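K.L.:
Just to be clear, the model below is a prediction. Sequence and coordinates:
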Amino acid sequence: MYRQRDYERYSHRKLSQIAVAIQSQDTQWGKFVVRSRNLSSGGIGFIHGCYLHTDTACRIILKTKAGSAVCIEGVVRHCEQLVGMAHHVGVQFNEEIDVEQFVDEDLYQDQDKDQDLEQDKEQDKEQDKEQDKEQD
């Protein structure tokens, strides 16, 4: 069950490919390209191919509307299995960000979490099928 949000969330699908560095328990950093779901001044939600433990350190690379890359540090606050290996990961930023640098607020307000999760599941299935075709 999700608690009341502290920050207004915005859909972040049009800029869906983001780079994430995740610190493992042995202090090594793994780098991944993931698909973002939503963004707020306090954190980001993204789809990842495996479970991430709560309190795992992350570095998120976001592109501003102007095209420059910004590294934002945070920690995993929740990880929920969606379907198969796909997990929705919620990261809380160490410091608040100005969301307007990254998204046009009028266009990207997140309206309905349940509807978004269903759309994510369908998009993940389609991406899996495309990846399977490419590997064949």
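P.N.:
Good, I have the coordinates.
K.L.:
going forward, measure contacts and count neighbours with C-alpha atoms only.
P.N.:
Will do.
K.L.:
Residue ranges in the protein under the pLDDT threshold?
P.N.:
Residues of the chain meeting the criterion pLDDT under 70: 1-16, 26, 104-121, 123-124, 127-128, 130-136.
K.L.:
where exactly do the helices run in it?
P.N.:
For the chain, applying DSSP state H gives helices covering 105-108, 113-135.
K.L.:
Neighbouring strands - and their directions - for the longest strand along the chain?
P.N.:
Using DSSP state E to define each element, the chain has its longest strand at strand 69-83. Strand 69-83 pairs in its sheet with strand 57-63 (antiparallel), strand 86-93 (antiparallel), by DSSP bridges.
K.L.:
Using PDB, write out every CA atom in the first one.
P.N.:
These are the backbone C-alpha positions of strand 57-63, laid out as PDB (Å, rounded to 0.1, in the frame of the first residue of the first chain):
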ATOM      1  CA  ALA A  57      22.400   4.000  -3.200                       C
ATOM      2  CA  CYS A  58      21.600   5.300  -6.800                       C
ATOM      3  CA  ARG A  59      22.800   7.900  -9.200                       C
ATOM      4  CA  ILE A  60      20.300   9.000 -11.700                       C
ATOM      5  CA  ILE A  61      21.400  10.900 -14.900                       C
ATOM      6  CA  LEU A  62      18.600  13.100 -16.200                       C
ATOM      7  CA  LYS A  63      18.700  15.300 -19.300                       C
END
